[in-house]
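Undergrad: pasted the sequence and its predicted model underneath.
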Amino acid sequence: MWIDVPPFLLLFVGGLLAFATRGVVRKAILLIVPVLGGLNLIGMEHGVHMQWDVAGYTLTVFEVDRMSLLFGYLFHLATFIGNMFALHLEDDDRATMQHTSAMLYAGSALGAVFAGDLIVLFVFWELLALTSVFLIWARGTERSYRAGFRYLVIHVLSGVLLLSATLMRAYETGSIDIDQIGLNGSVYSWILLLAFGIKAAFPFLHNWLTDAYPEGTATGTVFLSAFTTKVAVYALARTFAGEDLLIYIGAAMTAFPIFYAVIENDLRRVLGYSMINQIGFMICGIGIGTGMAINGAVAHAFNDVIFKGLLFMSMGAVLHQTGRINGSDLGGLYKSMPFTTGACIVGASSISAFPLFSGFVSKSMVMSAAIYEGHEIVWLVLLFAAAGVFHHAGIKIPFFAFYGHDSGIRTTEAPKNMLIAMGIGMVLNIVIGTFPQQTLYAILPFDYDYSPYDATHILTQTQLLFFGAMAFVGLQKTGIYPPELRSTNIDVEWGYRKLGPWVVRTVGGAALALDNYVRASVMALVHGVLGALGRAHGQVGPLARSWPAGSMVFWVAISLAAYLLFYLVR
Amino acid sequence: MSHDAEHPPLEAGGYPEAPPISDRSWMKDPDEPPGLWDNPKNVDRLLYGFYASLVILVLLEFVIHRHVYHPWESFFGFHAWYGFGACWILVVIAKQMRRFLMRGEDYYDVD
């Protein structure tokens, strides 16, 4: 480009235009701006682009290298697909809210991945939360309002932690750079990991995701699934690459959510759990830290945005057309929504990492890296999770929504723009999965020769998946498979949605009782003292038998008389 | 249409853009021709094809020499039984987790 336009700026301007315009003009803006933004990145020179000196620090507004460019292209692609998916929204306030919020949110994500230092990262980190929450609130229900609020609080907290760590580090080392930090024994490195960990949905910090994403609008959740967690993955890859702890955190993330996914009824919440599982593979790759593993992590982040986006789109289309999203209410939709069914199956095949689909070419890099580096137990856990993801996301989602027990619901296909968006997602998943060398691998941050398509790998992965499917068939035929039930499953959020309020009520109640007791005691004491004083000094009290003014005049007269007497006799 | 256990009414918070539930076009027409998978024969055909592919996948082990990175992998059909076992155990454990995790749908909506 002849001038440096910061990548986030175009999207921010696009967001404001989406706010101000309506109708065809707005639709055009929603589609053109992400394309312009993507073109803006092409040929952008690597290195520092825009710096300001503020309060003794040099702030780097944007800095470009291979890794940030990869995420930059990805986010523009996701914005285009997401906007296409949301294009049908009518010209009402709720639509304006969503379009504006989505563009600003995408811009914030771009700002974060191109941020040249931790202060700039912090600014966009907080903007990510503030701009995206409207995609949840636009649903307009009491539930979405509350979930959005919890989401906001948790993400603002993450930002505050990021800022604290940044300031502590700047104080200790004088640096605000985004570079390899790692757990170096300092307090700030742990706080930084915690800040990133909240956004990346580390175990025990994950619940905001499965709480808020299913409450978003049918179109909004597609955006939500694309940006926030991927920015966190990016930040971790920059600062904590090769940190052993992340290998185990990542492995835990791949394994525990799939149990929840199996018994969850809300199909978008199932996808939320499955998202944590996929981020686990990325975190694990970052922890391993070799060039191949980091490549695998960011490649998987890239693919995840596309295939998870496709799955969220297919479920969004179902929600949009039927008003329902619980597995217990759906079934048999393949008859009235065949295209959406196909889109869901392509997404499911990609996330399950079937050969020729996108997940296969990225997940395998992380798993191969784990075994090459000698992490055998971790590899077995990843293999378990890889089979499990097919089970809950690959089979459960399409089966209960589109096949299974026929719910009797008949509807029509989703609006055309939704179908086009899903079509783009399908094509991308298959093209990346089939021709990884010409597409995704060409833009990975590290030069590393890797080919996923060898006979061993294809055979073993297909065996793993097909026999996983056999388990599903067996469990269904024997009736062991748990039915979809209208239910809520307790997760970490129980702590702040039930236990916390209970503690506040109980402790608050006890404090109130204690407060009342202390107040009553003190009042009784004061009354007692006042009573005693009243008895001694009151009108009938022994110390107040004469009028105070009269006695004062009397004693003044006495002392004046004494004074006169002394004067006269001297 | 009437609501029953199988077709409950849209719950509060149902998606506002959805067609109204009173619209009869929502539910299937009694004269509707059966779908592809309503015919048990088609399901059986699919499953037979699936079982055959399982057998082929295992037999391919005799033809394709697998690279082995982990000692367990040298076990015959390792990925096949691992995938099967993993999914079976996953579901059985998850089902048991319902005993102590599952609450009513409005669990968080009421105090």
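TA: Nice, I can see it. Numbering: from 1, shown residues only, chains lettered A, B, ... in the order given.
Undergrad: measure stretch A:325-336 end to end?
TA: 16 Å (Cα to Cα, to the nearest Å).
Undergrad: and the contacts of it?
TA: By Cβ atoms under 8 Å, 6 or more residues apart in numbering or on different chains, the list of residues contacting stretch A:325-336 from outside reads A:214, A:265-268, A:270, A:315, A:318-319, A:322, A:324, A:340-341, A:396, A:400-413, A:483-486, B:8, B:15, B:35-37. (C-beta placed from N, C-alpha, C; glycine too.)
Undergrad: which of those fall within helices?
TA: Of the positions in the contacts of stretch A:325-336, A:267-268, A:270, A:315, A:318-319, A:322, A:340-341, A:400-402 sit in helices, assigned by DSSP state H.
Undergrad: give me the subset of these touching chain B.
TA: Intersecting the ones in helices among the contacts of stretch A:325-336 with the contacts of chain B gives A:319, A:322 (criterion: Cβ under 8 Å from any Cβ of the partner chain).
Undergrad: can you put the ones in helices among the contacts of stretch A:325-336 in TSV and add pLDDT and neighbour count?
TA: Formatted as TSV, the ones in helices among the contacts of stretch A:325-336 follow (pLDDT from 0 to 100; neighbours: other Cβ atoms under 10 Å in any protein chain shown):
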residue	pLDDT	neighbour count
A:267	95	30
A:268	95	24
A:270	96	29
A:315	96	26
A:318	94	28
A:319	92	25
A:322	88	25
A:340	96	27
A:341	96	21
A:400	92	23
A:401	93	29
A:402	93	24
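Undergrad: how many other residues sit next to residue A:174?
TA: By the other Cβ atoms under 10 Å in any protein chain shown criterion, the neighbourhood of residue A:174 contains 10 residues.
Undergrad: so residue A:437 is in which element?
TA: Assessed by DSSP states H and E, residue A:437 sits outside every helix and strand.
Undergrad: what's the distance between the nearest residue to it once chain neighbours are set aside and chain B?
TA: The spatial neighbour of residue A:437 that comes closest, neighbours along the chain excluded (Cβ to Cβ, 6 or more residues apart in numbering or on different chains), is residue A:451 at 7.6 Å. Noted for residue A:451: a distance of 13 Å to chain B, by Cβ to the nearest Cβ, to the nearest Å.
Undergrad: same check on residue A:330?
TA: As for residue A:330, its distance to chain B is 11 Å (criterion: Cβ to the nearest Cβ).
Undergrad: that residue - nearest residue in space that isn't next to it in sequence?
TA: Of all residues beyond its chain neighbours, the one nearest residue A:330 is residue A:401 (4.9 Å), with distances taken as Cβ to Cβ, 6+ apart.
Undergrad: same thing with residue A:291?
TA: residue A:446 (3.8 Å).
Undergrad: pick out the residue nearest the middle of chain B.
TA: When chain B is reduced to its mean C-alpha position, the nearest residue by Cα atoms, centre = their mean turns out to be residue B:91, at 11.0 Å.
Undergrad: what helices or strands is the helix or strand containing that one leaning on?
TA: Assignment of secondary structure by DSSP H and E places residue B:91 within helix B:78-101. The helices and strands touching helix B:78-101, judged by 3 or more Cβ pairs under 8 Å, 6 or more residues apart in numbering or on different chains; DSSP states H and E, are helix A:244-263, helix A:376-389, helix A:455-477, strand A:488-489, helix B:40-63.
Undergrad: now do the helices in the stretch 151-300 of chain A.
TA: Using DSSP state H, counting those that start in this stretch, the helices assigned to the stretch 151-300 of chain A run over residues A:187-199, A:207-212, A:220-226, A:228-239, A:244-263, A:267-288, A:291-322.
Undergrad: output these in a markdown table; the columns should cover distance to residue A:40.
TA: Formatted as a markdown table, the entries for the helices of the stretch 151-300 of chain A read as follows, by distance: least, Cβ to Cβ, whole Å:
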| stretch | distance to residue A:40 |
| --- | --- |
| helix A:187-199 | 26 |
| helix A:207-212 | 30 |
| helix A:220-226 | 19 |
| helix A:228-239 | 19 |
| helix A:244-263 | 33 |
| helix A:267-288 | 26 |
| helix A:291-322 | 19 |
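Undergrad: and of these, who's closest to residue A:569?
TA: Checking the helices of the stretch 151-300 of chain A against residue A:569 by Cβ to Cβ gives helix A:187-199 as the closest, at 84.4 Å.
Undergrad: what is the rounded mean pLDDT of that closest one?
TA: Helix A:187-199 shows a mean pLDDT of 96.
Undergrad: neighbours around the residue of chain A at minimum distance from chain B, how many?
TA: In chain A, no residue comes nearer to chain B than residue A:323, which is 2.8 Å away by Cβ to the nearest Cβ. The burial count assigned to residue A:323 is 23, neighbours taken as other Cβ under 10 Å.
Undergrad: ok, and what's touching stretch A:349-363?
TA: Here stretch A:349-363 has contacts from A:274, A:278, A:281, A:296, A:299-300, A:302-304, A:306-308, A:310-311, A:346, A:364, A:386, A:389-390, A:393-394, A:428-430, A:432-434, A:436, A:440-441, A:452-453, A:458, A:461-462, A:465, using Cβ under 8 Å, 6+ apart.
Undergrad: buried subset of these?
TA: A:274, A:278, A:281, A:296, A:299-300, A:302-304, A:306-308, A:310-311, A:346, A:364, A:386, A:389-390, A:393-394, A:428-430, A:432-434, A:436, A:440-441, A:452, A:458, A:461-462, A:465 (16 or more other Cβ atoms under 10 Å in any protein chain shown).
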